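Chemist: Take a look and give me a structure for this.
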Amino acid sequence: MAAAREIGAQVATMPLMLNASVAEHALTLMLCCIRKAIPGHKSVTEAAYLDLGAEPIVTSQWDMKTNWTGIEGISELFGTSVGIVDLGDIEMDIATLCRAFNIKIFYYQRTPHLKEEEKAFDTTYLPLEKLLAEVDFVVLIIPHTPKTEGIIGTKELAGMKPTATLINVGRGGLIDEDALAEALRGGVIAMAGLDVYRREPLPESNPLRPLPNVVPSPHTRGGSNRSWGGGCAGRSGKYSEVLPGRNTNRRNLLMRPPPGVAMGQGSHRNTWSRDLRGTQRIRKLRGSEPPPGSPVGEELKSVTY
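Modeler: Okay, here's the model as predicted:
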């Protein structure tokens with residue numbers, strides 16, 4: 001940002017268009033796990049009723065055969081609890097969706113949010129060990145860094161409830177996959193919903209692949225045809241905004257010339273994006289704006305993992 005100011009370059013941001021996609025995918029995996037969607041799908045497509053000796057009947061309002069293959073363990077998200085590891089922008093969208101299901105929301109990160117922020121997002125901070133021990137769903141979305149490498153391993157899995165489900169929509173390297181496979185086979189935890197893996201595509205030899213209590217998806221949480229198309233159009237719009245005489249839409253311009261100063265002349269001031277939805281709400285709660293000249297992302301240091 002300092003270099004951009006020095007040469008008078010304008011810097012723009014894209015709205016966080018993928019937040020909703022990632023959040024919805026996390027909830028999709030949670031629902032598939034607790035509603036036993038994969039066993040249900042297989043039991044219907046493979047005509048499992050034939051092996052059970054069941055005979056099809058003509059249904060009516062009162063005559064039907066519910067759960068005709070006898071799938072066990074089907075439950076509801078309503079009234080369960082979720083533990084989100086790090087409560088940043090995307091995680092706030094996950095929390096928003098969880099509230100619609102009346103799910104109790106807990107979170108962990110190195111620096112907790114302020115109490116008024118927790119109240120606004122209806123979340124409660126717990127240390128990681130306590131969070132793992134208490135919640136029904138653990139959701140991972142943090143970046144894969146040297147500090148988060150294998151953050152969920154044998155010890156952490158052993159500290160979870162045997163009825164718990166692990167959801168990973170972050171990066172594959174956050175989890176020790178061999179330890180997870182062992183925990184799932186041994187009943188240490190109940191299920192896992194996974195969209196990311198240490199090696200992608202998921203190798204045929206991966207021990208997680210054949211497990212019946214894993215709901216896998218092929219790293220599709222990061223977007224959709226609609227969001228990808230919107231991203232291309234959005235980038236084109238950003239290019240047009242910074243052309244001479246065209247920069248009338250200031251919404252996503254982080255750096256812009258002051259009035260009367262053309263591009264390339266003098267320094268610019270930081271205007272900050274309004275599309276950082278979660279952190280924008282936090283700034284509003286805190287009643288302050290970042291100081292002029294602060295680098296992009298500085299505001300996140302006190303609130304993210």
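Chemist: Not counting sequence-adjacent ones, nearest residue to residue 39?
Modeler: The shortest distance from residue 39 to any non-neighbouring residue, by Cβ to Cβ, 6 or more residues apart in numbering, is to residue 71 (5.2 Å). Every residue, glycine included, has its C-beta placed from N, CA and C.
Chemist: Same check on residue 173?
Modeler: Of all residues beyond its chain neighbours, the one nearest residue 173 is residue 144 (4.4 Å), with distances taken as Cβ to Cβ, 6+ apart.
Chemist: surely the one you found meets residue 171?
Modeler: Yes - Residue 144 lies in contact with residue 171 (Cβ atoms under 8 Å); the separation is 3.6 Å.
Chemist: Below-threshold pLDDT in the protein: ranges please.
Modeler: Scanning the chain for pLDDT under 70 picks out 12-17, 223-305.
Chemist: And the helices in it, which stretches?
Modeler: Applying DSSP state H to the chain gives helices spanning 2-7, 19-34, 37-45, 49-52, 89-100, 115-121, 128-134, 154-158, 177-185, 225-241, 277-286.
Chemist: Same list, the ones you listed, but as a markdown table with mean neighbour count and distance to residue 106 please.
Modeler: A markdown table is the format used below for the helices of the chain (neighbours: other Cβ atoms under 10 Å; distance: least, Cβ to Cβ, whole Å):
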| stretch | mean neighbour count | distance to residue 106 |
| --- | --- | --- |
| helix 2-7 | 11 | 39 |
| helix 19-34 | 21 | 15 |
| helix 37-45 | 14 | 25 |
| helix 49-52 | 11 | 40 |
| helix 89-100 | 21 | 10 |
| helix 115-121 | 14 | 10 |
| helix 128-134 | 17 | 5 |
| helix 154-158 | 17 | 15 |
| helix 177-185 | 19 | 21 |
| helix 225-241 | 12 | 29 |
| helix 277-286 | 17 | 17 |
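Chemist: Compile the ones you listed into JSON lines and extend it with columns for distance to residue 215.
Modeler: Listed next are the helices of the chain as JSON lines, based on distance: least, Cβ to Cβ, whole Å:
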{"stretch": "helix 2-7", "distance to residue 215": "44"}
{"stretch": "helix 19-34", "distance to residue 215": "5"}
{"stretch": "helix 37-45", "distance to residue 215": "6"}
{"stretch": "helix 49-52", "distance to residue 215": "23"}
{"stretch": "helix 89-100", "distance to residue 215": "17"}
{"stretch": "helix 115-121", "distance to residue 215": "27"}
{"stretch": "helix 128-134", "distance to residue 215": "20"}
{"stretch": "helix 154-158", "distance to residue 215": "17"}
{"stretch": "helix 177-185", "distance to residue 215": "11"}
{"stretch": "helix 225-241", "distance to residue 215": "22"}
{"stretch": "helix 277-286", "distance to residue 215": "27"}
